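J.: Task: produce atomic coordinates for the following.
(chains A and B)
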Amino acid sequence: MPAEPSAGAPSGPDYKATLNLPKTSFPMRANLVQNEPASQKRWATLGLYERLREARAGRPRFAFHDGPPYANGDIHLGHLLNKSLKDFVVRLKAMEGMDCPYTPGWDCHGLPIEAKVVTDLTETGKMAKIASLEADARRMAVRRECQKYAEKYVRLQGGQMQRLLTMADYADPYLTMSPRYEGATLELFATLIEQGLVFRQRKPVHWSIANRTALAEAELEYMDRDDLSIYVDFEADDADAVYDAFGLPRAPEEDSEDLDSAGREFPGGRPTVRPGFMIWTTTPWTLPANLGIAVNPRFEYALVRLDGAVTVVAKEMAEKIAQIGRVEEATIIATTTGDRLAGLRYRHPFVDGPGLAAALEADMPSPGRSAATLSHAGRGWEAGLHRVVAADYVTLEDGTGLVHTAPGHGVEDYQTGLREGLPIYSPVQADGTYDATAPEWLRGKTVWDANTLVTDRLKQSGHLYHAHTFNHSYPHDWRSKTPVIFRATEQWFVGVDRPYMLPDDNAFERNKTMRQRAIDIVFIEMYAPAATPAQHQIQQEYIREVHEIQQEAQEDQQHQSSLTHASPEELSALIAGASEMSNEHMLPASMSIRFVPEWGRNRLRGMLESRPDWCISRQRAWGLPIPAFTLRRGDGTEATLLTPMSVRAVAAVVRAKGSDAWFQAAPADLLAGYDAKADPDAPPEFGAGFDAAALRKSEDIFDVWFESGSSWHSVMVERGHGFPVDLYLEGSDQHRGWFQLSMLCGLGARGRAPFRALLTHGFIVDRDGKKMSKSLGNTLNVEDLFKEFGADVCRWWVAGQPYEGDIKVDLEFFKTAGESYRKVRNTLRFLLSNLSDAPSEDLASAVKGDFPPTSIDAWALASFDALSKTVRKAYAAYDFRLATQAIYDFCNDTLSAVYLAATKDRLYCDRADSVRRRRTQRAMRILADGLCRLLAPVIPHTADEAWRSLHGEPGANETPGLCVHLQEFLPPTDIRADEGWGAVMKARDAALVALEAAKKAGGDAAVENPLDAGVALPDPGGTLGRFDARDLADLLGVSRVALDPAAHGPGVTDLRGEPRCERSWKRDGTVRRRSDGGMLSDRDAEAVGVS
RNA sequence: GGGCGUGUAGCUCAGGUGGCUAGAGCGCACCCCUGAUAAGGGUGAGGUCGACAGUUCGACUCUGUCCACGCCCA
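T.: Residues are numbered from 1 along each chain as shown, chains lettered A, B, ... in the order given. Sure, this is the predicted structure:
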């Protein structure tokens, strides 16, 4: 290294003390773990949420609605993600100047809590005592424990969510178990009843015979059990129809007079015996309820001869079945596909089909106006019992490929039954014995005895092909450890395929079903001009379909007589309007839903298309009761009271006393506000006046999804926070859950979706993309993350995620987020530290200050305007990743690497009040202020900490009202930067490469320190000439810049031969020995005050 | 098995309507600074764009099949 010219000379004064070095109270180390709780406390003292609502009163409203998490357990990474995103939204809308109510809520009812509580009570021995109580008292005892449990977790999670620094109304959250919420939910339910959307129907559920109760999936325990496995041959009703299906030619001389007698057969012709359909089952006791045989329409079925008999089985299974039956002769006569078999009839081996049909017909509830009696009118079983039906779920894994179907005793059977119009028939009573509709020899017998009784009977009648004992895994009641059965019970439903009509419906919407309305709204573009021929075709088909359905609805006026309809002309006009792509909107555009990301639209639509009627009843204690009453008629049957008026009467009681009242009060008290005589919907048994003492309260509670699906009403409408809601923001699983069910509730009561926009995020997975689970041990504890990184770092990490898809998580990623957070923090710190001696002035006057377009400050401020625009646009699109990345890049590149590096010299070395130093300070104040605001939605603690440091008087920590979260985003400064800045930055890049090359030159020629270098820049257009050469030198970090119009690239000069300023370390050509004995440049000499 | 998604440098991710040497940050390597210092700055090396087939003059981008992963169903 060459000797410094000053080396060896007597060292001059120590100039460090004469510099304006950075100074700030804003520490480099965030210490979030300690400081965030202090912010939390400060905001609480300030009453930040309330203050902000007050300040924004009368401003445009942004109605965000928080979906209720389940009040169970600690918050996990999913909550961290979800709640952070929600808080970003609310805070950024507030920064946009909007009024943003944010009521956090919890889902408090439901089985998981009840199950946990019952387990705990059982383990502590308290359950035995509770079990001895009378029913209502027993439920109340369990409910009290459940409530305590839910309250505990609401408190716990609420604390954790506040620790995450979310800003919401934690003083008054919504709880689905609170009386106000429950009452409002019942009122919404009344509205749905009014629309004729609520009805009662049978549905098979897991049933514990021991406890006489329905069980949820979570209450089942699978244990091995021996059962009879039997193969049964059901005789075909019409043998020729079967042979026709297999394409067997009829024998010319045969007139199929007597197929049962052994006649002659000719080769290739049809057998002379009656064929059968062979099924397999492990629950012989369900055979009395058999109403159909399901085949897969795509499978190949074989007509096989098994010794003397002829039967139909899946071709693939034929050989195996022959082996099982140990038949001597097994030949395949012909094959056909399942779809050709559908519709064929068979004879039940021991049930009289027509007799059963008549009995079931008589049992059908009659149509009427009361919700309770609205059953599936028009859905009879004209097509007949005991026939072959098609079903896709039929597999070839075991059995025969033909599946015994009893709609009252199996989930798939039930769905098939609904689709095929088979009754949901279950002759089994609550105690597991057969009722009077069963064959006489089974009546009063239990289903377990029936297994052998049925098998013996089939054997005697010759229908049993094979029977053996079979060990398999079978669901048991987790408490009694006894096997459970599937049994159809009466449940409440909300019908998605029932036409209804709301006051605001236009002709197009009138008499559409929930499903149609929902799909219309999700796909509102259906009525927008089609972009492609394919789209146009889809539109046409869809519109035609709607037309047909509406016409059907018009024809079927059984229970809809009061509804009016679009006239065919009116409808045609509307449809014609749509098909001609006119501007006529069939649905108001205001009904449309924005999906973020857009594919949520397809997902929600798919789920709406495939969803069955919504079963809203459960047989549990911990929930909101379905306020129905029953009255025993003289003939032993029951009449049900559930009308809009009766429900509203109970709702009033629940509002006042909570749903506990249902279990504690007598029917007369619950119905105190109800006058049956004034209720046009009351069933006749009630309308004439009735004895309240004879009423029985329903033991059903609501599906928790009904409660949460009503939240737009029970929270947002109830509290006056706005309807429809502007945004729902949840995980993508909620397309089936909360989004869809909120939509159904909204459609039923208001005819529209309760939300204007749906934002969904993906799920947290581990670093390898595998799902998180405790058993895999790949989870991270959120409290630990708070302790290790602090909430702001966690939030910064969330903001950086592309949340549309799965989100990979690993401790490493939080460390990385912490690093990038520190980068932003340090940039803020450096800005603040250079403002310690800046005169405080309000920003407005600073903005109006003089920033010449060629000043580096104008460049920085114009860049900030651009950033601000990008960030606010990204925020508006909920693209937090883009927003925070832009902020990060701005801090890292624009500020740290360029602006702050270039202005260091003037800030440190200029006279404190030099024009250009003060100008830079003014710019830096605007930058610091603006950055705090842009960062506030994402890292609320850090933004506020910096804000207070920036704006506080000395001792700022005592300034209580100082808070960035009461501010709004800054309008653009509109400061103009010279068009030449692009060229300057390009020249800078080229110069930096040249300097790097100079460094690597090796030996004595290597100029390692840029301050030892001067650079000559080419300036072909003369652009650079407009700029101050000192600014250019600072931008390159060199001592001196000269312009060389003739040069092709930047030229680096070694300045080590020139003296170096002992204060600024620059070799700018003005450095000489000064009066104080030091070597100083002109600028530094002036700053120090020497000559 | 079905519906909706995702798969691009070591890591996390960008890449309308197909077309110049596929981008960013982190990390890494080398270097500078020591007056933002448990900081700051510079330069640079990393990719057969999940696999296979097809359409095309040309595909990360379009089509099909397959594989892996996630959510929701069955």
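
J.: Can you pull the phi/psi pair for the residue of the stretch 451-600 of chain A found nearest RNA strand B?
T.: The stretch 451-600 of chain A approaches RNA strand B most closely through residue A:599 (3.4 Å), counting by Cβ to the nearest atom of the strand. No exception for glycine: its C-beta is placed from N, CA and C like everyone else's. Recorded main-chain torsions at residue A:599 are phi -70, psi -10, according to degrees, to the nearest 10.

J.: Residue A:57: neighbour count?
T.: 9 (other Cβ atoms under 10 Å).

J.: For it, pull up the helix or strand it's in.
T.: Using DSSP states H and E, residue A:57 sits within no helix or strand.

J.: can you pull the pLDDT of it?
T.: Here the pLDDT value assigned to residue A:57 is 95.

J.: And for residue A:530?
T.: Residue A:530 carries a pLDDT score of 45 in this model.

J.: I'd like the average pLDDT over the strand or helix carrying residue A:817.
T.: For residue A:817, the enclosing helix or strand under DSSP H and E is helix A:811-833. Per-residue pLDDT over helix A:811-833 has a mean of 95.

J.: Contacts for that helix next, please.
T.: Helix A:811-833 is contacted from outside by A:22-24, A:26-28, A:30, A:767, A:780, A:785, A:788-789, A:792-794, A:796-797, A:800, A:887-888, A:891-892, A:895-896, A:900, A:924, A:927-928, A:931-932, A:935, A:939, A:942, A:946, A:949-950, using Cβ atoms under 8 Å, 6 or more residues apart in numbering.

J.: If you count neighbours, what's buried in that helix?
T.: By 16 or more other Cβ atoms under 10 Å, the buried positions in helix A:811-833 come out as A:813-814, A:817-818, A:820-822, A:824-825, A:827-833.

J.: Stretch A:136-153 now?
T.: Buried positions in stretch A:136-153, judged by neighbour count with 16+ other Cβ under 10 Å: A:138-143, A:145-147, A:149-150, A:153.

J.: for the stretch 301-450 of chain A, what spans make up the helices?
T.: For the stretch 301-450 of chain A, the helices defined by DSSP state H, counting those that start in this stretch occupy A:318-325, A:338-341, A:353-363, A:411-420, A:447-461.

J.: starting at the chain centroid, how far to the last one?
T.: Counting by Cα atoms, centre = their mean, to the nearest Å, helix A:447-461 is centred 49 Å from the centre of its parent chain.

J.: What of the third one?
T.: The chain centroid and the centroid of helix A:353-363 are separated by 45 Å, computed with Cα atoms, centre = their mean.

J.: Using PDB, write down the CA coordinates of that helix.
T.: C-alpha atoms of helix A:353-363 as PDB (Å, rounded to 0.1, in the frame of the first residue of the first chain):
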ATOM      1  CA  GLY A 353     -93.800 -54.800  -1.700                       C
ATOM      2  CA  PRO A 354     -97.200 -53.400  -2.600                       C
ATOM      3  CA  GLY A 355     -98.300 -53.800   1.100                       C
ATOM      4  CA  LEU A 356     -95.200 -51.900   2.300                       C
ATOM      5  CA  ALA A 357     -95.700 -49.200  -0.300                       C
ATOM      6  CA  ALA A 358     -99.300 -48.700   0.800                       C
ATOM      7  CA  ALA A 359     -98.300 -48.500   4.500                       C
ATOM      8  CA  LEU A 360     -95.600 -46.000   3.800                       C
ATOM      9  CA  GLU A 361     -97.900 -43.900   1.700                       C
ATOM     10  CA  ALA A 362    -100.400 -43.600   4.600                       C
ATOM     11  CA  ASP A 363     -97.600 -42.500   6.900                       C
END
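
J.: Average pLDDT for that helix, rounded please.
T.: Per-residue pLDDT over helix A:353-363 has a mean of 74.

J.: Of the helices of the stretch 301-450 of chain A, which is nearest residue A:1072?
T.: Nearest to residue A:1072, of all the helices of the stretch 301-450 of chain A, is helix A:411-420, at 95.6 Å by Cβ to Cβ.

J.: State the mean pLDDT of that closest one.
T.: Averaging pLDDT along helix A:411-420 gives 84.

J.: List the buried residues in it.
T.: Using 16+ other Cβ under 10 Å as the test for burial, helix A:411-420 gives A:412-414, A:416-418, A:420.

J.: For residue A:224, grab the count of nearby residues.
T.: The burial count assigned to residue A:224 is 9, neighbours taken as other Cβ under 10 Å.

J.: Could you confirm it falls within a strand?
T.: Yes: using DSSP: H, G, I helix; E, B strand; the rest coil, the secondary structure at residue A:224 is a strand.

J.: Where do the helices of the stretch 901-1050 of chain A begin and end?
T.: A:915-935, A:940-951, A:981-999, A:1029-1036.

J.: the inter-axis angle of the first one versus helix A:811-833?
T.: Using axes from the mean of the first three to the mean of the last three Cα atoms, to 10 degrees, one finds that helix A:915-935 and helix A:811-833 are set 140 degrees apart in direction.

J.: of the contacts of helix A:811-833, buried ones?
T.: Of the contacts of helix A:811-833, these count as buried by 16+ other Cβ under 10 Å: A:22, A:24, A:26, A:30, A:780, A:785, A:788-789, A:792-794, A:796-797, A:800, A:887-888, A:891, A:895-896, A:900, A:924, A:927-928, A:931-932, A:935, A:939, A:942, A:946, A:949-950.

J.: Quickly note the distance from the residue in the stretch 351-500 of chain A that RNA strand B sits nearest to to residue A:319.
T.: Distances between the stretch 351-500 of chain A and RNA strand B by Cβ to the nearest atom of the strand are smallest at residue A:393, namely 4.7 Å. Separation of residue A:393 from residue A:319 (Cβ to Cβ, to the nearest Å): 23 Å.

J.: And residue A:169, by the same measure?
T.: Distance from residue A:169 to residue A:319, counting by Cβ to Cβ: 69 Å.

J.: Among the two, which residue is more densely surrounded?
T.: Higher neighbour count among residue A:169 and residue A:319: residue A:169, with 18 against 14, using other Cβ under 10 Å.

J.: In a strand, that one, correct?
T.: No: counting by three-state DSSP, residue A:169 falls outside a strand, being coil.

J.: Now that it has come up, it's in contact with residue A:105, right?
T.: No: between residue A:169 and residue A:105 no contact is recorded; they are 9.9 Å apart, counting by Cβ atoms under 8 Å.

J.: what sits against residue A:738?
T.: A:67, A:705, A:708-709, A:728, A:730.

J.: Find the nearest non-adjacent residue to it, please.
T.: Among residues not flanking residue A:738 along the chain, residue A:67 sits closest, at 5.1 Å (Cβ to Cβ, 6 or more residues apart in numbering).

J.: List the contacts of the one you found.
T.: Shown in contact with residue A:67 (Cβ under 8 Å, 6+ apart): A:105, A:708, A:711, A:728-730, A:734, A:738.

J.: which of the residues you listed tops the neighbour count?
T.: Most neighbours among those, by other Cβ under 10 Å: residue A:711, with 31 neighbours.

J.: Enumerate every residue touching that one.
T.: Residues in contact with residue A:711 (Cβ under 8 Å, 6+ apart) are A:65, A:67-68, A:105, A:174, A:176, A:742.
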